[in-house]
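A.B. asks: Please work out how this folds:
(2 chains)
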Amino acid sequence: MEKNNLKGWLYLLPAIAFLGFFLVYPLVDVFIYSFEEGYNSASQTFFGHGWYNYSYVLHDTYFLQAVKNTIILVAVTVPLSTGIALLISLALSSIKPLKELFQTVYFLPYVTNTLAVGLVFMILFKKTAYSDGMINVLIQLFGGKSVDFIDGPYWAKMFVLCFYTIWIVMPFKILILTSALASVDQTYYNAARVDGTSKFRIFYKITLPMISPMIFYLVITGFIGAFKAYSDAVALFGTDLNAAGMNTMVGYIYDMLYGNSGGFPSYASAAAIILFVIVLSITCINLSISRDKIHY
Amino acid sequence: MKIVLEHLTKRYPSRDRKRKEEVIAVNDFTFEIPDGKLIGLLGPSGCGKSTTLNLISGLEKPTEGKIYFGEDDVTNLPPENRGVGLVFQNYALYPHLTAYENIIFPLQNLKGEEKLSKEEMEERAMKVAKMVQIERLMERKPGQMSGGQQQRVAIARALVKTPNVLLLDEPLSNLDARLRLQTREEIKRIQQETKVTTIFVTHDQEEAMSISDMIVVMKEGAVQQIGKPQEVYDVPENLFVAKFLGTPPINVFEASVKNETLYIGSEAVLRVGGVADQDVWCAIRPEGFIPDENGPLTCGMIAVEVMGRDTSVVCTHDLCEAVQIRTIISAENKIDASKKTIRFSLKPYKTYIFAKGSEERIDFT
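C.D. replies: A predicted model of the protein is given here:
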C-alpha cells in the first residue's frame, strides 16, 4: 500500500510540478503582494503589511468605473448571447436545406482575426470626417439623430462593447448547442409526438432538460470570460480605457502594472484578488443553483 | 377497436445517389386486425415490421394505402389524434423525470375539455401503475430502475391515456432471458386485462408464437402468412415461413416427386398423392422423424443428445441444405449412438413439400 502510494505520487509529479509552478505559486504570490504596502518591483522593497492596497483600490474612481463596466458587460452579454445562440441553434437544427452553409456562416466569426472584426465594427460605428458610420446612416434613414458610438455618450459606448462581445462569443456557443441538440435521441421526440405534446412543451420539458448540462457549461464559462474581458474594449476604444471611461477590471489591473499610470504591482494584485473573489463567488452561486436544475 | 390496413405501402427514396431505385419497406400490406386481440408482427430484421408499426402509429406517412381505426380513416391523422400508445424498443423514458412524472406526461398534454385535475391524473396513473406492478417505484428515475422495471413504466405511460391501440416495438429485446419469459406473460396478462388491441413487433418467433392470438410473418416488406400461431406452424404457406418458425429449425432437403412418390436421392420416403412429377424442396420438422430400422430415409449419425423428456439426434444427409439435421424424438426410443447410420420413417403431417421456383407449399394426400 505504502509503495503504491509513492508510485501514484510519482505519476502525478509532472502535472503537480507544472500546475504548482505556473498556477498555484503565482496565485499565492499575488495574494502576498496584495498585502505588501508600497512594494517596489525594482528594489524589491516594501514598507509594511496591511489592508492599504485594498483600501486604495476600492476608493479609486477608475476601479469603481471598471467594476461597474464589467458588471454591466457580464449581466448583459451572458444571458443575451446564450439565449440568442440557443434560438439560432434551434433554428439551425430544424432546417434541412443549406444547413451546413448556415452552420459555416455562423461559425466564421470564431476563426476571423480580431483586428479584422475591429475594422468591421469601425465601419459600422465610427464617426470620421468623411462618414458617420453605417449604423448612423441607418439611424438617419429612419429619421433619428446620429450618435457617436466610439467617443460619444456612455450608453452608446457600452452598447457597442456589449454588441461586440456578444458577436464574438456567439459562434462557439452556437457550435456547442447545435451539437448538444443533435445528440438528443430522436425517439424522445417521437414518444412526445405520439402523446400529443405541444411544440413549446417539448422544448421546455424535453429539449431544455436534455441540453441543460451544455447550457450550464456555457453560462459558467460565459461568466468567467466576461469578467475577464479586456482586449475587446481595447480593440474598440484604444489603449487609454480610463480616459474613455470604458475600462474593465482586467484592464485596470493591466494599467496598474504596465500602463501610463502603471508601476504599482501591489494595487494590481489587490484588484486581481478582488476579481478572483468575485468570480469565485459567482461560480459557486451558479453551481449551487444548478444542482437542482441540471439533469445529467 | 379493430384496425384495418388496406394496401399499405411505404417506399423510401434510395440513399445511394447513383442508384435511382427506391427501397420498399412495406409492400401492399392488407390485413384486418380484430378488436381486442394480441397480434405479433414477426420477421427477420429489416423486413419492414417496425415501419408497419410506425405507419400505424402515424409517425410515418404511407406512400399508398389506407389505415382505418374502427370505421374512421386515420391515414392522414397525425399521431396525437389517433389515440395510440407506443412503447419504444429502448423505452424512451424521459431520464430527467421520475416514473410518476413519465406516466402522467401524456395526461398533462391534454387540453380543453379533456384536461384533468391533479387528483384525476394521480388516480389514473396509480391505476395503470398497479396494473403493471410498479406502485412502489413511482419516485424513481429511469436510471435507478432495472430494464424490466423501465419496460413496465413505458407500458404504463402508453396505457395511461387509455389508447385505442397499444403498439410495442421489440418489447423484450432489451431484457435478459429470464426476464423476457416473465415479461411476455405480463404483456399477455395486461393485454387481457385491458382488452386493448395490441400489436407487437419481434424477430423472435418463440416470443411471437407464445403470446399472440395471431401472428403476421413478414419478409422484405411483404406479408408471407397471417394466422393463429399453431396454424402457421402446422401449415406454412411457403418455405420461408416454414424455415422461420420453429426451434430447432425445420430440415430442408432437395427432393423430387416421381409417380406420386417423394424421393430424397434414390430413397422413396413418402407417398404424396396428387402431386405432379417435379423437383421440390422437402421440409421436415424435427419432430417429424420416427427412428425405424426399416425406415426409408438413411442419415449419417453424428451424435445423440439426451435432454430428459426428449432425445435429440444430430445427423447428416448429403441432400440436406444445412450441415446438420436435428431431430427430436421421444426419449423412450433407445438410440444406439455407436452406429454409423440411422434410418427414419417420416410423419406425413410434419413433412411439407414446396415448389422449387415459387417456394409455395404443394398439398398432397
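A.B. asks: Name the residues of the one helix or strand residue A:137 maps to that are buried.
C.D. replies: Secondary structure assigned from DSSP states H and E places residue A:137 in helix A:134-141. Buried residues in helix A:134-141, defined by neighbour count with 16 or more other C-beta atoms under 10 Å in any protein chain shown: A:135, A:136. In short, each C-beta sits where N, CA and C put it, glycine included.
A.B. asks: do stretch B:197-216 as well
C.D. replies: Buried residues in stretch B:197-216 (16+ other C-beta under 10 Å): B:197-205, B:207-209, B:211-216.
A.B. asks: List the ones among the residues you listed that fall in strands.
C.D. replies: Members of the buried residues of stretch B:197-216 lying in strands (criterion: DSSP state E): B:197, B:198, B:199, B:200, B:201, B:202, B:214, B:215, B:216.
A.B. asks: pretty sure the second one contacts residue B:35?
C.D. replies: No - at 11.0 Å, residue B:198 does not count as touching residue B:35 under the criterion of C-beta atoms under 8 Å.
A.B. asks: hang on, the earlier thing: ok, which pair from the ones in strands among the buried residues of stretch B:197-216 is furthest apart?
C.D. replies: B:197 and B:202 (17.0 Å; C-beta to C-beta).
A.B. asks: How about the residues of the stretch 101-250 of chain A by chain B?
C.D. replies: A:185, A:187-188, A:190-198, A:201, A:205-206, A:209-210 (C-beta under 8 Å from any C-beta of the partner chain).
A.B. asks: What's the local residue count around residue 142?
C.D. replies: Just so you know, I chose chain A. Look at residue A:142: counted by other C-beta atoms under 10 Å in any protein chain shown, it has 6 neighbours.
A.B. asks: ah, no, chain B please
C.D. replies: 19.
A.B. asks: quick one: it from residue B:59, how far?
C.D. replies: 21 Å (C-beta to C-beta, to the nearest Å).
A.B. asks: Same check on residue A:288?
C.D. replies: Counting by C-beta to C-beta, the gap from residue A:288 to residue B:59 is 41 Å.
A.B. asks: so what pLDDT did residue 152 get?
C.D. replies: Let's take chain A. For residue A:152, the pLDDT comes out at 78.
A.B. asks: Oops, wrong one, chain B.
C.D. replies: Looking at residue B:152 specifically, the model assigns a pLDDT of 88.
A.B. asks: Apart from its neighbours in sequence, what residue is nearest residue A:191?
C.D. replies: Nearest residue to residue A:191 in three dimensions, chain neighbours excluded: residue B:92, at 4.2 Å (C-beta to C-beta, 6 or more residues apart in numbering or on different chains).
A.B. asks: Poorly predicted segments of the chain, please.
C.D. replies: All of this refers to chain A. A:1-4, A:262, A:295-296 (pLDDT under 70).
A.B. asks: nope, chain B
C.D. replies: Ranges of chain B meeting pLDDT under 70: B:16-20.
A.B. asks: What segments of it are helices?
C.D. replies: B:49-57, B:99-108, B:118-131, B:147-159, B:177-194, B:205-211, B:229-234, B:239-244 (DSSP state H).
A.B. asks: Same list, these, but as CSV with distance to residue B:316 please.
C.D. replies: Shown next, in CSV, are the helices of chain B (distance: least, C-beta to C-beta, whole Å):
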stretch, distance to residue B:316
helix B:49-57, 34
helix B:99-108, 53
helix B:118-131, 51
helix B:147-159, 40
helix B:177-194, 30
helix B:205-211, 25
helix B:229-234, 25
helix B:239-244, 18
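A.B. asks: Now distance to chain A too, for those helices, in JSON lines please.
C.D. replies: Shown next, in JSON lines, are the helices of chain B (distance: least, C-beta to the nearest C-beta, whole Å):
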{"stretch": "helix B:49-57", "distance to chain A": "6"}
{"stretch": "helix B:99-108", "distance to chain A": "4"}
{"stretch": "helix B:118-131", "distance to chain A": "13"}
{"stretch": "helix B:147-159", "distance to chain A": "8"}
{"stretch": "helix B:177-194", "distance to chain A": "18"}
{"stretch": "helix B:205-211", "distance to chain A": "21"}
{"stretch": "helix B:229-234", "distance to chain A": "28"}
{"stretch": "helix B:239-244", "distance to chain A": "27"}
